[in-house]
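Engineer: From the sequence below, what's the structure:
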Amino acid sequence: MTTVEVNGVMLGVEHFGDAAAPLVLLAGGTTMLSWPDSLCAALARAGRHVVRYDMRDSGASTTVDPEAPAYTLRDLAADAAALARELADRPPHLAGIGVGGMVAQVAALDHPDAFGALTLAGTRPVAPGLVDDDLPDHDAETMDRLFTRPMPDWSDRAAVAAFATGSAEILGDDPAAARATAERIWHRTPGTEPAVQMANQMGMLFSKLDCTPRWRERLPELVTPTLVVHGRRDPFFPVGNGEALAREIPGARLLVLEQAATAIPDAAAGEVAAAMLQL
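Structural biologist: Residues are numbered from 1 along each chain as shown. A predicted model of the protein is given here:
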């Protein structure tokens, strides 16, 4: 673990593999732990230099005020491009998961020379908020179960871990893996202030960002080799969102993980790594 300064902020990063190898840059959603260790290790074993990083207001990166972020989605995209140029002497492979996939789309569109390949996992082609009529929205029953529960005491590690376990059960993810990840996120979050802990655990600050202008209509401009990865059982961003991305990005390949929901399970890490390495 270390930090890198770009665009006037410090970004927390973690390295896997040989620093001289081709770079794969993993944008967290929002923390780097959205990307499983197993996938990072698989890519490193295949001869890649893997760097996963925390976005602003999360993990080891600059944290100011997650309740009123003074930056936009475009700033987060610019961070990815600047970090790529800081860490590599050739355009790296950029991957984003969840809301990090939105950052990755905008980064590839706004900085077309910065990246040589693109992976978009468990994401959609529009910003948080109202979804386009032709895209499947969050599953209503799942969202009701997910967001009608009382919030935990964000300063209590055990309560936060239990809350994450319950969320995973509702979403169809692995509860044990979710608990372990939540505990790791809790320990590496700067301080126990509830808003900061909640931002790290849930990524809710994205709902407060300025995500304009739209970028979906620009997706046909992408010439970057692209892989779209999506869980068949994802109720948060249903698989139709990944299918739309694959249709609208020229030449994109779609990899549907039949047994996955919102997270990339360890059992699928090898399959996802192999598909990424083909770009």
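Engineer: Leu83 touches Leu11, doesn't it?
Structural biologist: Yes - using C-beta atoms under 8 Å, Leu83 makes contact with Leu11 at a distance of 6.0 Å. (Each C-beta comes from the backbone N, C-alpha and C, glycine too.)
Engineer: that's a strand at Leu254, yeah?
Structural biologist: Yes - counting by DSSP: H, G, I helix; E, B strand; the rest coil, Leu254 is part of a strand.
Engineer: Could you pull out the residues contacting both of Leu83 and Leu11?
Structural biologist: Val4, Tyr53 (C-beta atoms under 8 Å, 6 or more residues apart in numbering).
Engineer: count of neighbours near Pro194?
Structural biologist: Per other C-beta atoms under 10 Å, the neighbour tally for Pro194 reads 14.
Engineer: pretty sure Asp110 contacts Ala81?
Structural biologist: Yes - with contacts counted by C-beta under 8 Å, Asp110 reaches Ala81, the gap being 7.5 Å.
Engineer: For the two, indicate the residue with more neighbours.
Structural biologist: Taking other C-beta under 10 Å, Asp110 and Ala81 do not tie; Ala81 has more neighbours (23 against 16).
Engineer: check which helix or strand covers that one.
Structural biologist: helix 73-87 (DSSP states H and E).
Engineer: Just the buried positions in that helix, please.
Structural biologist: For helix 73-87, the buried set under the neighbour-count rule, 16 or more other C-beta atoms under 10 Å, comprises 73-84, 87.
Engineer: Ok, stretch 238-252 next?
Structural biologist: Pro238, Val239, Asn241, Gly242, Glu243, Ala244, Leu245, Ala246, Glu248, Ile249, Ala252.
Engineer: And for stretch 154-166?
Structural biologist: Under 16+ other C-beta under 10 Å, the buried positions of stretch 154-166 are Trp154, Arg157, Val160, Ala161, Phe163, Ala164, Thr165, Gly166.
Engineer: Also stretch 51-61?
Structural biologist: Buried, per 16+ other C-beta under 10 Å, within stretch 51-61: Val51, Arg52, Tyr53, Asp54, Met55, Arg56, Asp57, Ser58, Gly59, Ala60, Ser61.
Engineer: Surely Leu257 and Val228 touch.
Structural biologist: No - if you go by C-beta under 8 Å, Leu257 and Val228 don't touch, sitting 11.2 Å apart.
Engineer: Nearest to Ile264, out of the buried residues of stretch 238-252: which one, please.
Structural biologist: Nearest to Ile264 out of the buried residues of stretch 238-252 is Gly242 (C-beta to C-beta; 12.7 Å).
Engineer: So which other helices or strands are in contact with the helix or strand harbouring that closest one?
Structural biologist: Per DSSP H and E, Gly242 falls inside helix 239-248. Where contact means 3 or more C-beta pairs under 8 Å, 6 or more residues apart in numbering; DSSP states H and E, helix 239-248 is packed against strand 226-231, strand 253-257.
Engineer: and the first one with helix 239-248, angle?
Structural biologist: Inter-element angle recorded for strand 226-231 and helix 239-248: 170 degrees (by axes from the mean of the first three to the mean of the last three C-alpha atoms, to 10 degrees).
Engineer: all numbers from here: first residue = 14
Structural biologist: Sure, I'll start counting at 14 from here, so that last one is strand 239-244.
Engineer: So Leu292 versus Val17, what's the distance?
Structural biologist: 24 Å (C-beta to C-beta, to the nearest Å).
Engineer: now do Arg65
Structural biologist: Counting by C-beta to C-beta, the gap from Arg65 to Val17 is 12 Å.
Engineer: just Phe128 next, same as before
Structural biologist: According to C-beta to C-beta, Phe128 stands 17 Å off from Val17.
Engineer: just Ala33 next, same as before
Structural biologist: Distance from Ala33 to Val17, by C-beta to C-beta: 17 Å.
Engineer: of those two, who's got more company?
Structural biologist: Set Ala33 next to Val17 and count neighbours by other C-beta under 10 Å: Val17 wins out with 17 against 8.
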